[in-house]
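Enquirer: below are the sequence and a predicted model; questions follow.
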Amino acid sequence: MEESLREEFEKFLQSKKISPKLFEEAEKERFEEWQTLFSAVHPKSFLMQKLHLINDIRRKYHLDKEIQ
């Protein structure tokens, strides 16, 4: 069950062009905090709560950077 929640969270991040791998490596504590919240609320609710932070995270850990 927990693995599917992690996969769902990672897919959400990828849909926002955020590399889950880079995000987790650089900010493990924040990654885990977000993952816990994501598993507790609806994805739309999570998005509304973190909307102002997602752009900053996307710039730091853009999905395209993972490939480089």
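Expert: Perfect, thanks for sending it.
Enquirer: so what pLDDT did Lys65 get?
Expert: Per-residue confidence (pLDDT) for Lys65: 68.
Enquirer: looking at this protein, which helix or strand is least sure?
Expert: Sorting the helices and strands of the chain by mean pLDDT, DSSP states H and E puts helix 63-67 at the bottom, at a mean of 73.
Enquirer: quick one: the strands in the protein?
Expert: For the chain, no strands turn up when DSSP state E is the criterion.
Enquirer: how near is the residue nearest the centre of it to Pro20?
Expert: Closest residue to the average C-alpha location of the chain: Leu13 at 4.0 Å, with CA atoms, centre = their mean. When distances are taken as CB to CB, to the nearest Å, Leu13 and Pro20 turn out to be 5 Å apart. (Each C-beta comes from the backbone N, C-alpha and C, glycine too.)
Enquirer: what about the chain, any weak spots by pLDDT?
Expert: Residues of the chain that meet the criterion pLDDT under 70 lie in 1-2, 65-68.
Enquirer: using CSV, list the CA coordinates for the lengthiest helix in it.
Expert: Longest helix of the chain, by residue count under DSSP state H: helix 43-60. Only the C-alpha atoms of helix 43-60 are listed here, as CSV (Å, rounded to 0.1, in the frame of the first residue of the first chain):
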residue,chain,number,x,y,z
PRO,A,43,-4.4,15.9,-4.7
LYS,A,44,-6.3,19.1,-5.5
SER,A,45,-6.2,20.1,-1.8
PHE,A,46,-2.5,19.3,-1.7
LEU,A,47,-2.0,21.5,-4.7
MET,A,48,-3.9,24.4,-3.2
GLN,A,49,-1.9,24.2,0.0
LYS,A,50,1.5,24.0,-1.8
LEU,A,51,0.8,26.0,-4.9
HIS,A,52,3.1,28.9,-4.0
LEU,A,53,5.9,26.5,-3.2
ILE,A,54,5.6,24.3,-6.2
ASN,A,55,7.1,26.8,-8.7
ASP,A,56,10.2,27.2,-6.5
ILE,A,57,10.7,23.5,-6.2
ARG,A,58,10.1,23.0,-9.9
ARG,A,59,12.9,25.6,-10.7
LYS,A,60,15.3,23.8,-8.3
